[in-house]
Structure formats: C-alpha cells, structure tokens
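# Next input, structure requested:
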Amino acid sequence: MRLLLPLILLNLAGCSLIPEPAPSISTDASKAAMAPYTVHQYVGSLSTQLSHINEPFKSTASIAISSFYLANALDTQLAQGQGIGLSQQIQESLITQFTQLGYNTLEYRLEGQLNLSTNGDAVLSRNIDKLKQSQNIDFMITGTLTRQEHAYIVNARMVNMRTNQIVSAGSTEIPINVMWGSEKIQQRGDHLYRSEY
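Residues are numbered from 1 along each chain as shown. All right, here's what the predicted structure looks like:
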C-alpha cells in the first residue's frame, strides 16, 4: 500500500505536466444567409394586390407584363449587384401567376418562328424586328424597383392601355439577398462581384 500511494501521486503529477492540446480552428466557412422565401413567393403578394381591379374587366381582356426597372432610371437600368436578374424574375413570376389565376396573359416577346442553334432553341426575343408588328394588349402590368439598405421596394401597377388609367396597384418588399447571399464578395461563374465597399 505504501508503494501504491507514491505511484498514484507520481501519475497525477505527470498528467499535469502534459500540455493541453491547442483548440482546433474550424475551417468550415459559414454560409451566407438567404432570404426566407423565393422571388416567386414574394411576387405572389403583388399578384394578389394587382388582381383587385378597380373597373369593369372582361374575362377576354389581354394582359401583358413588362420588365421592372429601377425607379430612378426608367427604361435604362435593371437591378444590379445582388439584385441582378431580379427585374426579369419579377416579370416572369407575374406572367406565371397571372396565367395560373386564369387571366388572358399575352407573351408579346414571341417571335414569328422557332429559331434553332447548336446550343439551344428560342422563340422569345427582345429584338423588335423579330416580333409581331401589332400587339393587341388591353392592360399592361409594369413597375419599378427602389433599392433600400435591406430590400428592394417593388411598386407595380396595371394600366389600361387605351386610357392610361391605373386600374390596380400593389407594393411589396423583396430582401436584397433573395437572389444571392449577403457576402460582400461573391463568385458567380468566372466573375467576382462586390456588393459593398
């Protein structure tokens, strides 16, 4: 027993001399927070608001949807940076949702023919020379984007093309990070994008 006690004390003293291992540093990069909903879901609020039309509306009335431009640069600048693609996605979501709601939604970007190429086929165009010369559009949904610190404010309106009267309107907020994360620098394809300086 006398021999056992000194051996236990020696072991305990030896354990205290062993240095503690350095804490390991995590190499896992945190993922950027994305908005809780998709653009399509945020645009659903606009579709609901726009469907409350303030004048008699024939079920055969045709509706077209235009691109959404920045409010301070009408017809010249779409959303950029983290919002790149947002202008077109709002348009595409509205086309989908109004069609699903049963409205007579027109695709005015339709070419007169199908164009085949080695990497795909296309029937939509923004080239005015390839589109029908005459479009029979009764109502146009259009709108603007205004960038705020945390979100884009989207204002939309449905306009009677014959009278220029706004027959319905809606507004929603779409978070800046709905299309891309909130990192300051991101790589998309072969390009680096900086969202803040």
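# Work out for me the element residue 48 sits within.
helix 39-50 (DSSP states H and E).
# can you list the weak-confidence ranges in this protein?
Scanning the chain for pLDDT under 70 picks out the ranges 1-33, 75, 77-84, 125-128, 130-131, 180-197.
# at 50 what do you get?
The model of the chain has pLDDT under 50 over residues 25-30, 82, 197.
# quick revisit: would you mark the buried spots in the helix or strand following the helix holding residue 48?
Moving toward the C-terminus from helix 39-50, the next helix or strand (DSSP H and E) is strand 62-70. Within strand 62-70, the residues that count as buried by 16 or more other CB atoms under 10 Å are 62, 63, 64, 65, 68, 69, 70. C-beta: built from backbone N, CA, C; applies to glycine.
# try stretch 39-46
For stretch 39-46, by 16+ other CB under 10 Å, it's 39, 40, 42, 43, 44, 45, 46.
# Can you convert these into JSON lines and add a column each for distance to residue 179?
Listed next are these as JSON lines, based on distance: CB to CB, whole Å:
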{"residue": "39", "distance to residue 179": "7"}
{"residue": "40", "distance to residue 179": "12"}
{"residue": "42", "distance to residue 179": "11"}
{"residue": "43", "distance to residue 179": "13"}
{"residue": "44", "distance to residue 179": "17"}
{"residue": "45", "distance to residue 179": "17"}
{"residue": "46", "distance to residue 179": "16"}
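# nearest to residue 89, of those residues?
residue 39 (4.7 Å; CB to CB).
# What strand or helix carries the residue lying closest to that closest one once chain neighbours are set aside?
Of all residues not flanking residue 39 in the chain, residue 89 sits nearest, at 4.7 Å (CB to CB, 6 or more residues apart in numbering). Using DSSP H and E, residue 89 sits within helix 86-100.
# what does residue 123 give?
Here residue 123 is assigned to strand 120-124, by DSSP H and E.
# any idea how far the residue nearest to residue 39 is from residue 42?
From residue 89 across to residue 42, the span is 10 Å (CB to CB, to the nearest Å).
# thought residue 91 was touching residue 66?
Yes: contact criterion CB atoms under 8 Å: residue 91 and residue 66 qualify, at 6.7 Å.
# Residue 122 contacts residue 110, doesn't it?
No: applying CB under 8 Å as the test, residue 122 and residue 110 come out as separate, 10.5 Å apart.
# circling back: remind me what the helix holding residue 89 packs against, helices and strands.
Contacts defined by 3 or more CB pairs under 8 Å, 6 or more residues apart in numbering; DSSP states H and E place helix 86-100 against helix 39-50, strand 62-70, strand 104-105, strand 139-147, strand 151-160.
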